[in-house]
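**Q** sequence below, structure please.
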Amino acid sequence: MKEKHFQLLNLSVCQSRQMGVKMKIVFVIPDMPGGGTERVVALLANEYCRRGMEVAILLFAGHETAYPLDDKIEVVSVGNPSGGQTMARIERLRRMRRYYAENKDCQIWAFSVMGAVFSVLAARRKQHFFLVSERNDPNQYDHQRIRNFAYRFADVIVCQTPDAVGQFPDKIAKKSVVIPNPVDIGDLQPYEGERDKKIVAVGRLEPQKNHKLLLRAFAEFAATHKEYVLEIYGKGELEEELKALARELGIEKHVQLRGFSGKVKEEINNAAMYVLSSDYEGISNSMLEAIALGVPVIATDCPIGGSRMYIEDGVNGLLVPVGDMQTMAAAMKRIADDAEFRESLSRQGRKLREQNRVEQIAERFLSLTTGESL
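**A** Predicted structure coming up:
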């Protein structure tokens, strides 16, 4: 197969199909232990594999694959977390460079900042089509010069919201497009009947997700709603701190840290409400799935607008200011105490079910390889 480069467009995807040539997409990501980005990669990879395309996932800092992947998807690990060790990073780059040389016609789709950086270094002087998917708030990255340097080599940058595009320098912004996350709840039907008195949250136990705010808001709420429990799905570095805070707030018997679940949609389907407490986000996959399932949702109105894109405040969910514990607790009380409002949120939220299907989002990504979306 001829080499493909975005500016040259030597061979389009349509032409490739007509000629019987198989395009190979290589997703580049640190690891896949569970999380929103990993979930999107798994959904897209499985969809392209279903279409008969050649797909690989290159892990550069681990070897886990928490989400189900088609057996035909090639999973390659080129290293473990480097711990800041220079030699470990050099070895990682050497292995990546060898992989790209062996797959000289592959497309590189980096779904992490460092995946983009390492791919630029490993694939230098080789004409791979290079796509970067920005998965978070660009303002929150600590090494923006390094990131911007790598992104300038990308043929296209995919952002999740228009506000995210606006955070980049002009040279990067002008080759950026907006593609939201896929919404995938499979054949799972929205729960019908009286919902369990549980509040659920899904996300890594890391500072960005601000579960401490959620615990404090829940403590305020639980003072008058003692029959409710809070279930948090995810794992991470703050687990012990969160347990300690729950004890300090006197709510430890009402809080359950459930760890990672591969069936989280089924776990939360009958919940009274879902709460996203993040300080910043791209777009939360679990939030979208909760809305589509008809679970009443409360979400912080994060800076680049991921929640705002999908939630019309008071119609299909509730938006609260970032860091505002009192407003979050009041939102919980409103949903818990008003059955008619609760049902209205659920009914309106289910309309999201038919939007942003995996097949649609996969096609929008694929169209970028022909230049159709720019």
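
**Q** so for Phe168, what's the pLDDT?
**A** Confidence at Phe168, expressed as pLDDT, is 95.

**Q** same question for the one 5 residues further on.
**A** Here, the pLDDT recorded for Ala173 equals 95.

**Q** ok, it touching Val165?
**A** Yes: at 5.3 Å, Ala173 and Val165 qualify as touching, with contact defined as C-beta atoms under 8 Å. C-beta coordinates here come from the backbone N, C-alpha and C atoms, glycine included.

**Q** so between the two, which is more surrounded?
**A** Set Ala173 next to Val165 and count neighbours by other C-beta atoms under 10 Å: Val165 wins out with 20 against 14.

**Q** may I see the buried residues of stretch 234-244?
**A** Gly234, Lys235, Gly236, Leu238, Leu242 (16 or more other C-beta atoms under 10 Å).

**Q** please dump the residues you listed into JSON lines; it should also carry secondary structure and distance to Gly282 for every row.
**A** As requested, these are arranged in JSON lines below (DSSP: H, G, I helix; E, B strand; the rest coil; distance: C-beta to C-beta, whole Å):
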{"residue": "Gly234", "secondary structure": "strand", "distance to Gly282": "16"}
{"residue": "Lys235", "secondary structure": "coil", "distance to Gly282": "20"}
{"residue": "Gly236", "secondary structure": "coil", "distance to Gly282": "17"}
{"residue": "Leu238", "secondary structure": "coil", "distance to Gly282": "20"}
{"residue": "Leu242", "secondary structure": "helix", "distance to Gly282": "23"}
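
**Q** partner residues bridging Glu54?
**A** Note on Glu54: beta-bridge partners Lys24, judged by DSSP bridges.

**Q** need the contact list for it.
**A** Contacts here follow C-beta atoms under 8 Å, 6 or more residues apart in numbering; on that basis Glu54 touches Lys22, Met23, Lys24, Ile25, Glu74.

**Q** pLDDT wise, what is the last one at?
**A** Which is Glu74. pLDDT, read off for Glu74, is 97.

**Q** how many neighbouring residues does it have?
**A** A total of 15 residues lie near Glu74 under the criterion other C-beta under 10 Å.

**Q** give me the phi and psi angles of the spatially closest residue to it that is not a sequence neighbour.
**A** Computed as C-beta to C-beta, 6 or more residues apart in numbering, the closest residue to Glu74 that is not its neighbour in sequence is Ala56, at 4.0 Å. Per-residue torsions, Ala56: phi -130, psi 150 (degrees, to the nearest 10).

**Q** who touches Ala56 in this structure?
**A** Taking C-beta under 8 Å, 6+ apart as the criterion, Ala56 is in contact with Lys24, Ile25, Val26, Phe27, Ile73, Glu74, Val75, Val76, Asn103, Cys106.

**Q** most neighbours, which of those residues?
**A** Phe27 (28 neighbours).

**Q** that residue against Ala42, yeah?
**A** No: taking contacts as C-beta under 8 Å, Phe27 lies outside contact range of Ala42: 9.2 Å.

**Q** and Ala45, which of the three is it?
**A** Following DSSP: H, G, I helix; E, B strand; the rest coil, Ala45 is assigned to helix.

**Q** whoops, Leu188 was the one
**A** coil.

**Q** surely it and Asn269 touch.
**A** Yes: using C-beta under 8 Å, Leu188 is in contact with Asn269, at 6.5 Å.

**Q** returning to what we had before: so which of the contacts of Ala56 belong to strands?
**A** Lys24, Ile25, Val26, Phe27, Glu74, Val75, Val76 (DSSP state E).

**Q** where's the fifth one relative to Val55, distance?
**A** For Glu74, the distance to Val55 equals 7 Å [C-beta to C-beta, to the nearest Å].

**Q** all good on my end, thank you.
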